[in-house]
Each structure stands twice: as structure tokens, then as C-alpha cells.
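Q: Sequence unavailable; structure follows:
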């Protein structure tokens, strides 16, 4: 998987985890959901994403999804 797919997996996982924690522990966990949403918007406007930088340092290949999807 490339960085684009990993970022989607991470953002989706963080959102689902925070919703579960909001239901089971405290509604304050929804702030984590809001943070993920704001970060996604910021990333789309500026082109900068901390998760992408971290993934690149970990050696995850960058690139778009073309050619990597199996039909």
C-alpha cells in the first residue's frame, strides 16, 4: 500500500476508535473525531500532512492509486 491509502486507513480508524470511545467512555472523545476532520481539511488546502511525512520516513512508498488496484 502507498501513503495515500495508509492515510485513509489511519484517518478512518482514528474516527471509528474515537466514536467507540465516545459511546463507551466520554463524549469528549468526539474532539478527536473533530481533530481528524480538521486535519483532513487542512491537508487538502495546504498539501501538507504530518502522517504522510511519518509514513515516508518509515519507508512506505508514495504515489497515487493507479496501477496498484486489483480488479
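A: Cool, the structure landed. Computed from a prediction, not measured in an experiment: that's the story for all the values here.

Q: Please enumerate the helices of this structure.
A: 3-24, 30-46, 50-57 (DSSP state H).

Q: List just the one of those helices that sits closest to residue 63.
A: For these, the distance to residue 63 is smallest for helix 3-24, at 7.4 Å, taking Cβ to Cβ. From N, CA and C alone the C-beta is placed, and that goes for glycine too.

Q: got the contact list for the closest one?
A: Judged by Cβ atoms under 8 Å, 6 or more residues apart in numbering, the contacts made with helix 3-24 from elsewhere in the structure are 1, 28-30, 32-33, 36-37, 39-40, 49, 51-52, 55-56, 60-65.

Q: sorry, back to before: any chance of the helices of the chain in a markdown table, with mean neighbour count too?
A: What follows is the helices of the chain, written out as a markdown table (neighbours: other Cβ atoms under 10 Å):
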| stretch | mean neighbour count |
| --- | --- |
| helix 3-24 | 14 |
| helix 30-46 | 13 |
| helix 50-57 | 13 |
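
Q: where does this protein dip in pLDDT?
A: Segments of the chain classed as low confidence (criterion: pLDDT under 70) are 64-71.

Q: one more time with 50, if that's ok
A: 67-71 (pLDDT under 50).

Q: Tell me how far the residue positioned nearest the centre of the chain lies from residue 21.
A: Centrality entry for the chain: nearest residue to the mean C-alpha point is residue 11, 2.6 Å, by Cα atoms, centre = their mean. Relative to residue 21, residue 11 is positioned 16 Å away (criterion: Cβ to Cβ, to the nearest Å).
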